[in-house]
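K.L.:
generate a structure from the sequence data that follows.
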Amino acid sequence: MAWFSKIFGKKNVNFNKNFHPSNRWIHYSNGAILDNENKKQTVWIIDSNWFERWFTGIEERLDLVLGKMLIQASSDSTEYSLVANRVRRPKNKDIIHWSYIIEDWMYKNFGSFSKYLHNSNQINLTINNYANLYVSIGSLSSALEYHNNTRYKFHWNDSETEIILTLEPSNDVLPLPKSLKLNNCDFSKEKIYNNLHLWETFSIKEEGIWFIQNSRPLVISNDLFHRFEENSLSFLSNLHFDRSFDYHWGDLDVHRANWWTASADSARERFIESSHHIMVREDEDWKNVGNKHLKSYGLGNIIDAKSYDEFGRIIFEIESFIHPSLICGILLGCWERAYGKKGGLILTSKENNYFVKIYPSNDRQPFNTNRVS
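P.N.:
Next comes the predicted model:
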């Protein structure tokens, strides 16, 4: 921990020599990024502004306010990780000196925190330079509960750069979060690779906030992401929105299919807004597209691509490590940028791999769905 004391020392700050996120986030050749501190977890490294717009896009499409659902997902994910990894509670009862959670926040780029006020009735914490309001609140409140072995009720006030989080002891008895058992891949058979595309533009500021290509990333675990989905489902109604008929998810129930569609279409829209140039001359070029826009960030990998005609009908075989809706939405965005027209997709699966069939959205009979299973 010598490097850690240097980073947080008041006079001796040398981030570039002592800290680098790639020491914890390990990239694999199959398109996954694993947490080196918790090897059961895959993670998504995503621009924080992109994530914020993606989240807002889901709320708009589903006509719901989902901030509390994301707070709960972040809280449960943090608590589950602390319990499952048997993290020791520090002897020092002041959370602002808990090196484990401070370091964890730094690697995940959540922000920093300090104590504003503490008495017998309440604790006030300040969250500074937060990457996402809901993720930060959920994570810190859960960490404090674990640290003090006490449940709290909380509320907050926020500005663009600061959150004042107020917590009061509660007598509520809540069960521990359950395991979601998400990761079935044997990574011992996969190769580790150096993701230069992602890390060559890494930089860090004195506040401990790090950047890639001058944009601030946020690290989201697959556990947090799926807890957010599950927390949201009970609030969904059977509704339709623009582009909702362009996504087909097989035999998913209506509510889950709506959530997947909202997630995918918001991801597609975010990708289109990014104005990436997608140049594809032959099917093999799609693998390079996947390497750049999916694999680099831990979403997954394009195993194969096969075109069926000159109008753009194509079938992708993919691996997905965070959520199929994300990889499908971004892949559809890539296709729409390449062909300059709207598309639709059908997702099917076989064993551990998915097949994504993309077609022009004005095609009434896009695929014989029995062609690829």
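K.L.:
and Lys91, which of the three is it?
P.N.:
Under DSSP: H, G, I helix; E, B strand; the rest coil, Lys91 falls in the coil class.
K.L.:
how many other residues sit next to it?
P.N.:
The number of residues packed around Lys91, counting by other Cβ atoms under 10 Å, is 5. Every C-beta, even on glycine, is put in place using the N, C-alpha and C of the backbone.
K.L.:
measure it to Val83 for me?
P.N.:
19 Å (Cβ to Cβ, to the nearest Å).
K.L.:
same thing with Ser48?
P.N.:
Going from Ser48 to Val83 by Cβ to Cβ gives 27 Å.
K.L.:
who has more neighbours out of those two?
P.N.:
The residue with more neighbours, out of Ser48 and Val83, is Ser48; 21 against 12, by other Cβ under 10 Å.
K.L.:
give me the pLDDT for that one.
P.N.:
Confidence at Ser48, expressed as pLDDT, is 97.
K.L.:
now do Ala2
P.N.:
40.
K.L.:
which parts of the chain are helices?
P.N.:
Along the chain, the stretches classed as helices by DSSP state H are 2-8, 15-18, 48-62, 67-84, 99-108, 133-148, 196-199, 222-233, 254-273, 285-293, 324-339.
K.L.:
any stretches of the chain with poor pLDDT?
P.N.:
1-17, 183-184, 364-373 (pLDDT under 70).
K.L.:
packing partners for the biggest strand by length in it?
P.N.:
Counting by DSSP state E, the longest strand found in the chain is strand 38-47. The contact analysis (3 or more Cβ pairs under 8 Å, 6 or more residues apart in numbering; DSSP states H and E) places strand 38-47 against strand 33-35, helix 67-84, strand 217-221, helix 222-233.
K.L.:
and the shortest one, which strands flank it?
P.N.:
Based on DSSP bridges, the pairing partners of strand 33-35 within the sheet are strand 25-27 (antiparallel), strand 38-47 (antiparallel).
K.L.:
Tyr308 is nearest to which of these?
P.N.:
Closest to Tyr308 of the strands paired with strand 33-35, according to Cβ to Cβ: strand 38-47, at 30.6 Å.
K.L.:
thinking again about what came up before, mind putting the helices and strands packed on strand 38-47 in a markdown table, distance to Asp104 included?
P.N.:
As requested, the helices and strands packed on strand 38-47 are arranged in a markdown table below (distance: least, Cβ to Cβ, whole Å):
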| stretch | distance to Asp104 |
| --- | --- |
| strand 33-35 | 10 |
| helix 67-84 | 9 |
| strand 217-221 | 10 |
| helix 222-233 | 13 |
